[in-house]
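> Structure for the following, please:
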Amino acid sequence: MYLNASFGHEIRRDYGSGHEATFLVLLFCLLKVGAFEEADFKLLVLRVFTKYLEVTRKLQTTYWLEPAGSHGVWGLDDYSFLNFLWGSAQLLDNKEITPPSVVSSDQVLKDWSDEYLYVDAIRAIKRVKKGPFFEHSPMLRDISEVREGWPKINSGLIKMYRAEVWGKLPVVQHTLFGSMFKFDA
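Sure thing, here's the model as predicted:
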């Protein structure tokens with residue numbers, strides 16, 4: 001059930017951070033049944049989640065899926081969030097790749113998008129959206145100017161994910177709760 005729901009809504013033909021969150025719930029349930037352990041988390045993000053992103057991006061462009069619950073230019077991305085959150089975590093101790101360079105340097109995108117989720121997310125946006133970056137992605141542009149760097153960006157994205165994904169009823173209203181994934185009010 002979680003797997004099917006993580007690829008978008010078949011009737012509305014949309015996809016968004018709620019579907020991506022459902023994929024996260026699927027991984028959580030697999031953890032609960034012992035399919036993997038905490039030592040596998042990094043591998044899950046860098047291999048399984050990146051393959052999931054690859055498939056969802058292909059679905060978005062092949063079937064012209066609408067962004068579900070998009071904030072338009074005032075959101076991070078029309079479709080996903082976790083690649084920014086986990087990608088900024090990957091860059092916490094990186095001194096070579098600065099936040100401004102990710103949005104301004106095509107060379108950084110070329111050199112590092114296969115290794116860092118955040119860089120890949122920016123590259124994906126630049127491939128799909130046309131025009132000046134600050135116009136189609138002002139929030140990401142603002143984030144790139146955070147002086148405190150990746151630690152501040154990551155902590156801000158964690159807060160934003162809690163508020164904008166798990167804290168919004170329209171995003172989580174279709175999430176199925178049960179014995180493995182409980183809702184505690």
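
> Buried residues, the lengthiest helix in the chain. List them.
Ranked by residue count, the top helix of the chain under DSSP state H comes out as helix 17-32. Of the residues in helix 17-32, those scored as buried under the neighbour-count criterion (16 or more other Cβ atoms under 10 Å) are 17-27, 29-31. From N, CA and C alone the C-beta is placed, and that goes for glycine too.

> Keeping just the C-alphas, turn the helix or strand R123 falls within into CSV.
With elements taken from DSSP states H and E, the one containing R123 is helix 117-128. Presented in CSV, the C-alpha positions along helix 117-128 are these (Å, rounded to 0.1, in the frame of the first residue of the first chain):
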residue,chain,number,x,y,z
LEU,A,117,21.6,15.1,-3.2
TYR,A,118,21.2,18.8,-2.7
VAL,A,119,23.4,19.6,-5.7
ASP,A,120,21.4,17.1,-7.8
ALA,A,121,18.2,18.7,-6.7
ILE,A,122,19.3,22.1,-7.9
ARG,A,123,20.5,20.6,-11.2
ALA,A,124,17.2,18.9,-11.7
ILE,A,125,15.3,22.2,-11.1
LYS,A,126,17.6,24.1,-13.5
ARG,A,127,17.0,21.4,-16.2
VAL,A,128,13.2,21.7,-16.0
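
> which other residues reach that helix?
Defining contact as Cβ atoms under 8 Å, 6 or more residues apart in numbering, one finds that helix 117-128 is touched by 45, 49-50, 53, 57, 61, 77, 80, 83-84, 86-88, 90-91, 97, 102-103, 108-109, 112-114, 133, 136-137, 140.

> Buried residues in stretch 158-165, which are they?
Of the residues in stretch 158-165, M160, Y161, E164, V165 count as buried by neighbour count, 16+ other Cβ under 10 Å.

> List the contacts of the last one.
Applying Cβ under 8 Å, 6+ apart, we find V165 in contact with S17, G18, A21, F81, V171, V172.

> Among those residues, which pair sits farthest apart?
Taking Cβ to Cβ as the measure, the contacts of V165 reach their widest spread between F81 and V172, a distance of 13.0 Å.

> the more surrounded of the two?
In terms of neighbours (other Cβ atoms under 10 Å), F81 is the more surrounded of F81 and V172; the figures are 23 against 17.

> can you pull the contacts of that one?
By Cβ under 8 Å, 6+ apart, F81 lies in contact with S17, E20, L157, M160, Y161, E164, V165.

> Sort out which of these are in helices and list them.
Taking DSSP H as the definition of helices, the contacts of F81 contribute S17, E20, L157, M160, Y161.
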